[in-house]
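Participant: sequence first, predicted coordinates after that:
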Amino acid sequence: MRMDWINSYVVLSRYMSYSVAADKLFISQSTLSKHIKLLEKELNIELIKRNTRNLQLTPAGETFLSYAKEAVVGYEAVLLSLREYAQNKGVRAAYMTAAYVYGYQELFYQYHIQYPDVEFEVAELDMEEAIKALDERKVDFALIRTSLLPDGHNYRTIHFIDDELVILCNRNHPLSACSSVPFRNIFQEKTILLKFGLVEYKLIARKLGLPDGIVKPSIITNRSELIRDYVCANSGISVMVKSQASMLAEKGNLQIVEISERPQMSMGLIMRPGRLSPDAAHFLNYINRFLEQRGTASQIPAAESG
């Protein structure tokens with residue numbers, strides 16, 4: 001029985017909504033549903049009654065819930081108590097593929113080159129995976145889209161850059177005549193999207209109260225150059241951050257169109273609240289110096305170590 005299954009059950013029982021619980025857990029609804037089914041299979045009991053309108057805990061589910069809550073609290077307490085022994089040395093970080101748009105992933109590698117004696121681990125993950133790794137204390141820092149974090153989150157954040165999601169289309173496409181287009185309507189068109197952005201687009205849909213399922217691209221690619229070629233050929237439209245769209249629009253018969261909701265795509269570094277290990281605090285101070293050089297020092301939280 002895995003702790004992520006149990007935690008998924010506890011969160012689902014709190015909100016009694018797969019969409020809301022999945023949003024809070026930063027996982028897809030299908031993953032959440034899978035966790036619950038695997039938990040029920042292992043326990044050999046039905047925990048939740050499902051119908052088309054609502055969810056309801058079974059009597060067995062009510063009984064299990066009290067133990068599940070204790071297990072989650074106990075597990076977090078154990079991790080916190082052992083952290084000073086297990087994480088005193090080294091720095092572990094994760095970044096989203098989207099960081100390549102701004103070149104910020106290079107900060108991690110430059111730090112490792114500058115301080116080779118500090119044990120440093122870095123992983124490239126999507127946003128949901130990066131946050132999960134942070135919550136499970138597998139990493140100390142995550143470079144993600146901070147604007148897509150849920151309201152009321154308790155992460156410490158360092159702001160890096162603001163950006164905005166826009167439409168990139170051919171100047172001969174009907175949307176080029178629009179001043180702005182609602183996010184929902186974008187996916188009624190033939191859309192060509194970057195693979196690493198799919199999770200971000202679905203998180204935006206959730207933020208706007210729309211179903212994840214509206215994000216259904218016609219073409220998915222890992223290369224922005226291919227998107228430029230497809231859009232230049234008027235084979236569809238694309239959605240991407242404005243900084244990237246502006247670079248692509250410099251070459252070809254392309255136009256940028258705003259999205260009505262003006263989805264913000266700010267990027268920054270997040271960490272859990274509390275004290276950092278000495279090595280992690282050293283890395284944070286390195287980031288502080290970088291941002292000071294960029295003139296954004298006023299947005300930087302003080303580094304704590306212990």
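Facilitator: That came through fine.
Participant: which residue ranges of this protein form helices?
Facilitator: 3-15, 18-25, 29-43, 59-86, 105-114, 127-135, 183-186, 198-207, 224-232, 242-249, 278-294 (DSSP state H).
Participant: and those helices, which one's lowest on average pLDDT?
Facilitator: Here the helices of the chain differ in mean pLDDT, and the lowest is helix 59-86 at a mean of 79.
Participant: and it, what does it pack against?
Facilitator: helix 3-15 (3 or more Cβ pairs under 8 Å, 6 or more residues apart in numbering; DSSP states H and E). (Glycine included, C-beta is placed from N, CA and C.)
Participant: who does the helix it packs on touch, helix- and strand-wise?
Facilitator: By 3+ Cβ pairs under 8 Å, 6+ apart, helix 3-15 packs against helix 18-25, helix 29-43, helix 59-86.
Participant: contacting residues around the first one?
Facilitator: Pointing back at helix 18-25 there. Identification of contacts with helix 18-25 by Cβ atoms under 8 Å, 6 or more residues apart in numbering yields 7-8, 11-12, 14-15, 28-29, 31-33, 55, 150, 206, 211.
Participant: tell me the angle it makes with helix 29-43.
Facilitator: On the basis of axes from the mean of the first three to the mean of the last three Cα atoms, to 10 degrees, helix 18-25 is oriented at 90 degrees to helix 29-43.
Participant: now swap in the last one and tell me
Facilitator: If you take the same axes, to 10 degrees, helix 59-86 sits at 100 degrees to helix 29-43.
Participant: how far does helix 59-86 sit from the chain's center?
Facilitator: On the basis of Cα atoms, centre = their mean, to the nearest Å, helix 59-86 sits 24 Å off its chain's mean C-alpha point.
Participant: list the buried ones in it?
Facilitator: Across helix 59-86, burial judged by 16 or more other Cβ atoms under 10 Å covers 61, 64, 65, 68, 69, 71, 72.
Participant: the second one and residue 21, how far apart?
Facilitator: The span separating residue 64 from residue 21 equals 16 Å under the rule Cβ to Cβ, to the nearest Å.
Participant: the first one too?
Facilitator: Here the criterion is Cβ to Cβ. By it, residue 61 lies 14 Å from residue 21.
Participant: do the third one as well
Facilitator: Taking Cβ to Cβ as the measure, residue 65 and residue 21 are separated by 14 Å.
Participant: okay, the buried residues of helix 59-86 in a markdown table with distance to residue 50 next?
Facilitator: Listed next are those as a markdown table, based on distance: Cβ to Cβ, whole Å:
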| residue | distance to residue 50 |
| --- | --- |
| 61 | 11 |
| 64 | 16 |
| 65 | 16 |
| 68 | 18 |
| 69 | 21 |
| 71 | 23 |
| 72 | 22 |
